Each structure stands twice: as C-alpha cells, then as structure tokens.
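Participant: Quick one, structure for this:
(chains A and B)
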Amino acid sequence: MAFLIPTWYKTRLVASISIPRCRIAYGADCGRHQLVVVRATRKANTTTLWQDTTTGDVTRLKTVTTEITTAVAGGHALLSAALPATESFARWLETPLTARDKALKVLPALLDVQLPFPLEICLHDFAFPQADAAGRFRAFAYAARRSDVEARLEQHHALGLDPVLLQHEGGVLWQQALTEIPLAPRALRIVAYVGDARTALAVGSGANGGELISLHGIRLGADELATPDAPAIRQWAGRVTQILRALPVTDAAEPIQWLWCGPGAELHAPLEPALAADERVRFKMLAEPVTFLARALAHAALRGDGTGNLRNGDLTHTAILAHGARTRRNAALNLLLAGLALTGLSLGWRAWLANRETRVQSAIVAAAQQLTGAAQIPYGQEVDQVQKALKKQATELQPFLDAFQPSAARDLAEVLAAARACRVTLDSLSHSGKALILHGATDDWNRCDPLAARLRAFGYAVELSREEAGADELVRFTLKGARR
Amino acid sequence: MSRPTRQQLWLGAAALAVTLGVALALHALSTLSDDLRRIERKAGDLATLQKIAADWRANQQAVQPFEALASKQPMPLAELFAQHVPGVTPSIRQREARPALAGWQARRTEVKGEAPLADLVQFLRAAADARPPWQLVEFDLTAAERAPGVARVTLVLEALEKK
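Facilitator: Model (predicted):
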C-alpha cells in the first residue's frame, strides 16, 4: 500500500474540487480548547497568528478571524482546517479493473462496502488514482459522516472561522513532514500528532521519495495523557503497538522514525517509554511542533492540494463555488473567443480572397479597356477581346515597323559591289519580297562561286546554276537567293 | 422547463460560435483550391494583358519619330531622281497605299527608267535619307545595251505620308 507522496499535489484527483490558486493561505488547527492559526505565503514565510486556547484574548482572536474572513472574501487567501482522523475514514481502495474510467465508477460501491455507515450519509473524496504493479486500478478514499463534517464546521464557525477546505489531517501531516525532514529510502516513518483531545498517526515509508501506508486516529489527546501512569497512556500505547505490529518488516539497520508534533507533543517523555518495547523506534521532535499541523494545512492550500477535502457537495465553500463558476465561465469565454476567432479568420480569409480576386479582375478590365478602347467587355473574354482588337491595330502599325527594317537598297548595293569584285557581268537583277534572282555571264566557270559565297555571307540561301560556255566563250549563270 | 442559467447561455453562445467557426473554416478549406485556381487564372490573364500592353507601347514608339517630323509628306521622287540621275526622265506611277495608325498611310510608288548604276545608287541613298524616308521595296534591273553600267530599272519605293 504505497504511493508517491511528493507528487500528491501534482496528481489529478478523482473527485476533488478545483482549488483557487492564492498567494496567501491560512491554516487552522482547532482542538477541543486549543487553537493554532498560521499564515503562509508563497515566499515560504509562515507567521503564527494565534497559538492559545479558544477562550484567550477574545479581542485579539476577533482581529485574527476578521483578517482571515476579509482576505478569503476578497479572493486573496484560503483557509484550510483539519478534519480529525478520529472522525473520518481513510483507506486505499483497490479495484480488480485496469481501465481507469470503469474503475472510477466502481469506487463509490467499494467505499460503501468498507464504510461502517451508509455512503448516503457521508461525504467522500477519492485521490491519487493509479495502477498497481499488476495494472489494477486503485485510489485513496477519504470519507466522513456528513454530521461530523457539519459539526466540525460549526466548531470553526463558533470561533469566527469559515474554512474553505476541511482536509483530512493525516495526509497533510505526512506531506509536511516529508517537506521539512526528508526520509531515507528504506526507512519507515510515523508522524504522530498529539492534540488536546486526539492523536493522529500518518504511517509511511521512504521508498520512492515517501510513500504513505495508512492513516490512524486515536481518541486520546493531551487532556487524557497528561497524567503520568494514567490508564489512558496504556490504552494509547496498546493502540499504537497494534499499528506498529502491522508495519512491514524492515531492515534492522533502518529504524522506524517517530516524529512528534502537535500541541500535546510536549508529553513525549511519558509516552515514549510506553513504546520502548519496540526497539526499532527512534523518536524525534519536529521543529515548532505546536504549529506543525496548521503549517501543513496552510502549505497544502498554497500548493492547491485539496487532497482529502471533505467540505464538498452541498457544503462546498462559496469561494470554491465561485472559483468553479469563474473557471467554467472563463472556459466558456475562451471557447466563445476561439469560436469567434475561427469565424473571423474564416470570414476574413474569404473576404481577403474575394478582395484579391476583385482587384485582379478590376486590373484586367482596366487593362482591356485601355487596350481596346471599349467601354464594356464581356466577363472572362478580356484577353480574347484585346487580342482581336489589337490584331486590327497591329496591321496599321506594321508600316511604321517596316520603315525600320533594312531597305532592299542595301541588297542592291551589295549585289552590285559583289558582281564588280567578282568580275561578273550582270544581265538582269530583280528583287521582290525576300527573293533575289540574278542572271549574268563570266569568262570563267569558277568565277561565280565567290559571288555566291559573298551573297551567302550577306544572308541569302543561294542556288547557283551555270551553263556550258557558248560560242562567245562566256559561262551563263543564274543565281537565285532567298533571304534567310 | 426551467430558464437557462447565465452559464448555460455562455456555453450555448460558445458552442454556437465554435460550431459556426468550424463550419466556416471547413467551407473555406473546401473551396480554397477552387478559389486559388480561379485567382491564379485571373492573375495569368492579367500578366498576359500586361505583356501585350507593354509590347504595344514599345511598338507604338515607332510612330513617334514620324509624328515629330516637320514635313509629313515624302519628297517627290521625280525631283529626287532628277537631282541624282540627270538627263533621264523616269516614268513614275503611284501604286497602292496601306492604311497606318494615326492618319498615316504607306504609299508605294513605281519608278521606271534607264539610269547608270552609280547614279541609281546615289538616288536610292538620297531617297533613304529623305524625311519621311523612301524605302526600296522591289527592284528589277536589266542591262541596257547602249552602254555598260547602264540599266533599265523598275523600282518600287514606299514612304509613309500623312493623309
């Protein structure tokens, strides 16, 4: 029966309510006639506001309760009080199921079987859901009769205190002890809180950073144990001895660490001999033992650890209800904002696309109108219309473009110069479009070859045909050229 | 039936907003491909038109030098011919005209005559240098029998003129 204590406050609780995160938390350890109230802040400063009987300086007590009430009402602080182990039930419940959701559904039924009274008259809370080594789901159950919870609340109300959280004292004692004095991995520890009318024992081991084994309550406190050799001491020792015997066998080198705390911790001297029979036990006093439980409650509240809070159901404090409502409202608001953002994004995206399309279309129409001169152009036919319109205009532009083309005069000059250079006689020369036809004569068969070569170099594809020399010994030739 | 609480109203509004947002987002996503394709096609059309316009503007620059000329009528070919080919009276005949932009037309003129080739080259060079210029389009030369270096010529020249 073990679970990781250091990760308690990080573990998702089964049924615990959502605790608001505050910078200040008050812890109240209310006994039969003793009251300890501390204030803790996130900077780890803990101040004792009251450490006296409940019938002490009433005026000063009123000042303390007024400060707390004002801070809690303003939403700046939490007040956590303890539900005695003697008035509550705390136990591991193991299910045969491995599926978390199914296991969570059967936990109340399992608790009902374990409880000495009907579940219907109880308030309960499940914490630390986890699977054991075999994969079976288990959780730690806290329960108390509703009447006991109401009585405990009434006890605080009578002092002017209205606890936001009413937590099982065993769990917070164990956690605070681990925080203040780390535990060796193989050691066993018992945190013993002695109040004026009760004793609470939190039993656990140091394995895995600190594992709680069980929580116990004894209806004997400082009031009953203060008299030396009183039967109450033997009764108390007998009960504790039963608990010690139930502990797992440990290595002899690892003693059982017994930590005293509580307003009655000063009675350790007569109590320790009563437990001396068990040689494994080593006693130690926690620092500032009287305020220890109040500190534990305040620091648990600061962490947002509502483990074992039995002020739930219709007894839930208004601060918790308001926090829950605020959380749900914020969740709804966030959802609403997300929905609106998504809507805005989608509409904005569509609008951006439409705007872009409109701008492109407007530019198309403007360009088409400018090029065609038409006022109206059928939608989607802009390019076709422009090409059609420009085809006509292109015909009228062509004379200007032609005026910049090389003139046929250049070809004429080149042919005449080439004929002169090649010493051929031209009979006729005509040029039309890209075609050139040249008839001539030369006294050498090969002399028209340089002429043809020169015209090729000038950009003509040349076809040369020659006739055998006639009676005048001249070679007649025809040269056809086409501009490439 | 009880009235809905404020929290239920908030949740209802949130659910409505999320549903609307998701529906609109899904619609936007489903039409995104078509929308982008349509815009891309239009952007392509616009790019085509812009290229056509740029080419057109560049081509229209060809009109500017003619518009800037002091005289919009080409020099008479008879006059030019007389200057560079003395002693020959050519036969000059106006041929077809092609319409051009801005009230211009390209007029073709045929020149027939017999001329020394050297003078002919000088004539063509002077015609090309005239403003507006004459451009030789076609020619047909046949050697004249009366003297070497002389040819019977038929020339077709074209010049732009303002109507």
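
Participant: Helices of chain A, start to end?
Facilitator: For chain A, applying DSSP state H gives helices covering A:58-73, A:100-114, A:146-158, A:169-180, A:222-225, A:231-245, A:268-271, A:292-302, A:318-372, A:382-403, A:408-422, A:448-457.

Participant: try chain B
Facilitator: Using DSSP H, helices in chain B cover B:6-60, B:64-67, B:77-84, B:117-129.

Participant: now the longest one: mean pLDDT?
Facilitator: Which is helix B:6-60. Averaging pLDDT along helix B:6-60 yields 90.

Participant: Over to the second one?
Facilitator: Confidence over helix B:64-67 (mean pLDDT, whole number) is 91.

Participant: Wondering if it reaches chain A at all.
Facilitator: Yes - on the criterion CB under 8 Å from any CB of the partner chain, helix B:64-67 is in touch with chain A at B:F66. Where you see a C-beta, it was placed from the backbone N, CA and C, and this is true even at glycine.

Participant: Outline the domain layout of the chain.
Facilitator: Picking chain A for this. With domains defined by automatic domain parsing, chain A comprises A:8-316, A:332-403, A:408-483.

Participant: that's the wrong chain, I wanted chain B
Facilitator: If you go by automatic domain parsing, chain B breaks into B:1-61, B:70-162.

Participant: and those, which is most packed in?
Facilitator: domain B:70-162 (a mean of 17; mean count of other CB atoms under 10 Å in any protein chain shown).

Participant: ok, the residue most central in space within chain B - contacts?
Facilitator: The C-alpha lying nearest the average C-alpha coordinate of chain B belongs to B:N59 (CA atoms, centre = their mean; 4.3 Å). Going by CB atoms under 8 Å, 6 or more residues apart in numbering or on different chains, B:N59 touches A:394, A:397, A:400-401.

Participant: just the buried members of those residues?
Facilitator: A:397, A:400 (16 or more other CB atoms under 10 Å in any protein chain shown).

Participant: farthest-separated two in the contacts of B:N59?
Facilitator: Greatest spacing in these, by CB to CB: A:A394 and A:F400 (10.8 Å).

Participant: So for the residue nearest to B:V111 when sequence neighbours are not counted, what's the pLDDT?
Facilitator: Nearest residue to B:V111 in three dimensions, chain neighbours excluded: B:L155, at 4.4 Å (CB to CB, 6 or more residues apart in numbering or on different chains). Note for B:L155: predicted pLDDT of 96.

Participant: Repeat that for B:A127.
Facilitator: Reported pLDDT for B:A127: 94.

Participant: what sits against it?
Facilitator: With CB under 8 Å, 6+ apart, B:A127 has these contacts: A:409, B:75, B:77, B:80, B:133-134, B:136, B:157.

Participant: Repeat that for A:E463.
Facilitator: Counted by CB under 8 Å, 6+ apart, A:E463 has contacts A:479-481.

Participant: Please, a PyMOL command that selects the buried ones among those?
Facilitator: Buried subset of the contacts of A:E463, written as a PyMOL selection, criterion 16+ other CB under 10 Å:
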select buried, chain A and resi 479+481
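
Participant: Nearest to A:I243 among the contacts of A:E463?
Facilitator: A:G481 (124.0 Å).

Participant: Test my guess that that closest one contacts A:L455.
Facilitator: Yes - the criterion here is CB atoms under 8 Å, and A:G481 meets it with A:L455 at 5.5 Å.

Participant: how close does A:G380 get to B:D35?
Facilitator: 16 Å (CB to CB, to the nearest Å).

Participant: what's the answer for A:R186, then?
Facilitator: Distance from A:R186 to B:D35, by CB to CB: 69 Å.

Participant: and if you look at A:R326?
Facilitator: Counting by CB to CB, the gap from A:R326 to B:D35 is 42 Å.

Participant: how about the nearest residue to residue 123, chain neighbours excluded?
Facilitator: No chain specified, so I'll use chain A. A:L310 (4.8 Å).

Participant: not quite, I wanted chain B
Facilitator: Closest to B:F123 by CB to CB, 6+ apart is B:H84, at 4.0 Å.

Participant: ok, that neighbour - contacts?
Facilitator: So B:H84 contacts B:119, B:122-123, B:126 (CB under 8 Å, 6+ apart).

Participant: of these, closest to A:F126?
Facilitator: Nearest to A:F126 out of the contacts of B:H84 is B:A126 (CB to CB; 114.7 Å).
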